[in-house]
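Student: Below: sequence and its predicted model.
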Amino acid sequence: MNTSAIPGLQRNLRQFLLLVLVNALVGALIGLERTLLPQLGNKQFHISSQSVLFSFVLSFGLAKSLTNYGMTLLLPRFSRKQLLVLGWLIAIPVPFLLMFAQSWWWIIAANILLGINQGMAWSATVIMKVDLAGPRQRGLAMGINEFAGYAALGLAAFLSGKLAAQYGIVFFPFIPALFFVGLGLFLSWWLVKDTRAFVQTESESSRLPQYPRLMKTISWQHRNMGTTTINGMINNLNDGVVWVVLPLILTQRGYTLSTIGLIAGIYPAVWGLAQLWTGRLGDLFCKKQLLIMGMTLQSIALVLLAWHSPVYGSMLAAVLLGLGTALVYPNMLSLVAQELHPQQRAAGLSIFRFWRDSGYVFGALLAALLSKHLGLENILLVVAVLTLGGALLAQYRMCCTQKLLWKTNTCAEALFY
């Protein structure tokens, strides 16, 4: 056994915290545009069609999901560190495209590059943290990882709203992106170390099977992983819809740019912060029940957002949406990781993330289609029903393999179909 590559957060704390910082920078980069792009399309480029506005989410989601799947092909050929560095190199043009955009197509190009950056850099940090953490602390590791990424996203969304309120929505709000990309590339290139040796160490003692058809297993066939994958896709579908619809609804209700930035930032900030606890809960209790609670809470929050509530009602809905997402996001990743052999874990997580981030694509297409026939509030109600459907599917199809949060059946039945 390689004694320098033994998993465990305490043993590998320095590298783990370094990867946490890198992932925060990935989240901050996407957070800068989260508040502003719908308004930039309306006010700067005079795009009146809501279906066209959804194109930036579509381009981001398509690029990110395909890159996640591409990681399954790249991981056997390149190290995790090499793919992390490549993800940051691809992000270099993004600040300049956003600051100097001459047309909406510049924004689409920036979002394609952002999707590739997230698909490579975020995936690499997730996989490397799972390698470092070991089987007993993966929920905690994923909670800290997602906390860093989404708390930074929320803070950056709030920052961009403040900058836009003071200096306008063009150029100045995107200047921090230069710092995020530069620091992310520097840390990844010079300080991050590769983690493949940890996989070899864990493989020597693993009793988990290796699946011959991994794509089919994770996409649907395995009751726990397949259901988690479907719920991951629904989760990002509603996130993609909220990304575009929420700023537009709040604008229609007469809120200022600063207030819109605050509400749009509360959701990912709560999502990020709460994962410090919800990820650890997944190590102790049944992930099935956490997933059901999270998806149900998201559905309730979407209904509240659709109502014509005062500003504090919208803020409460954003908090509930963040809490619901925090319950599911790290535990989806750690559930898939715990079911897979170490040699298949990186590829399996990439397949899960491919389907999960495809939710952005389906969300953008669904919202663009519905926007022609329904109001923005009704789009949120439709997505709320889909989200609740994911919770019901988990209740029917999944089973528990851990301690129980409350009394329920354990995993006595077969895990397939």
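Tutor: On my side now, so go ahead.

Student: contacts, neighbours, all on C-alpha from now
Tutor: Fine.

Student: Name the nearest residue to Thr227, ignoring sequence neighbours.
Tutor: Distances taken as Cα to Cα, 6 or more residues apart in numbering place Ala394 nearest to Thr227, at 6.2 Å, with adjacent residues excluded.

Student: pretty sure that neighbour belongs to a helix, no?
Tutor: Yes - assessed with DSSP: H, G, I helix; E, B strand; the rest coil, Ala394 lies in a helix.

Student: tell me the contacts of it?
Tutor: Contact partners of Ala394, counting by Cα atoms under 8 Å, 6 or more residues apart in numbering, are Thr227, Thr228, Asn231, Lys288, Leu291, Ile292.

Student: remind me which residues of the stretch 51-200 of the chain are low pLDDT?
Tutor: 51-53 (pLDDT under 70).

Student: what does the stretch 201-350 of the chain give?
Tutor: If you take pLDDT under 70 as the line, the stretch 201-350 of the chain has no such spans.

Student: in the stretch 51-200 of the chain, which spans are helices?
Tutor: Secondary structure of the stretch 51-200 of the chain, counting by DSSP state H, counting those that start in this stretch: helices at 55-74, 80-91, 94-99, 104-117, 123-133, 138-167, 176-190, 196-203.

Student: which stretch among those helices comes nearest Tyr267?
Tutor: Tyr267 sits nearest to helix 138-167 of all the helices of the stretch 51-200 of the chain, at 7.1 Å, using Cα to Cα.

Student: Now do that closest one and helix 176-190, the angle between them.
Tutor: 150 degrees (axes from the mean of the first three to the mean of the last three Cα atoms, to 10 degrees).

Student: what packs against helix 138-167?
Tutor: Where contact means 3 or more Cα pairs under 8 Å, 6 or more residues apart in numbering; DSSP states H and E, helix 138-167 is packed against helix 13-34, helix 123-133, helix 257-284, helix 311-339.

Student: Hey, what's the angle from the shortest one to helix 311-339? Just curious.
Tutor: Between the axes of helix 123-133 and helix 311-339, defined by the same axes, to 10 degrees, the angle is 60 degrees.

Student: Now helix 123-133 - C-alpha only, CSV.
Tutor: Once non-C-alpha atoms are left out, helix 123-133 reads as follows in CSV (Å, rounded to 0.1, in the frame of the first residue of the first chain):
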residue,chain,number,x,y,z
SER,A,123,-15.9,17.9,-12.1
ALA,A,124,-12.2,17.6,-11.5
THR,A,125,-12.4,19.1,-8.0
VAL,A,126,-15.4,16.9,-7.1
ILE,A,127,-13.5,13.7,-8.2
MET,A,128,-10.3,14.8,-6.5
LYS,A,129,-12.1,15.5,-3.2
VAL,A,130,-13.9,12.2,-3.3
ASP,A,131,-10.5,10.5,-3.9
LEU,A,132,-9.0,12.3,-0.9
ALA,A,133,-11.9,11.9,1.6
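
Student: what residues does that helix touch?
Tutor: Applying Cα under 8 Å, 6+ apart, the contact partners of helix 123-133 are 6-9, 12, 16, 19-20, 22-23, 68, 80-81, 83-84, 138, 141-142, 145, 194-196, 198-199, 337, 346, 349-350.

Student: okay, the angle between that helix and helix 104-117?
Tutor: Helix 123-133 runs at 20 degrees relative to helix 104-117, counting by the same axes, to 10 degrees.

Student: re earlier: specify the stretch among the helices and strands packed on helix 138-167 that is closest to Ser299.
Tutor: Of the helices and strands packed on helix 138-167, the one closest to Ser299 (Cα to Cα) turns out to be helix 311-339, at 8.0 Å.

Student: ok so, going back, how about the helices and strands packed on helix 138-167 in JSON lines, adding mean neighbour count?
Tutor: As requested, the helices and strands packed on helix 138-167 are exported to JSON lines (neighbours: other Cα atoms under 10 Å):
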{"stretch": "helix 13-34", "mean neighbour count": "23"}
{"stretch": "helix 123-133", "mean neighbour count": "26"}
{"stretch": "helix 257-284", "mean neighbour count": "25"}
{"stretch": "helix 311-339", "mean neighbour count": "24"}
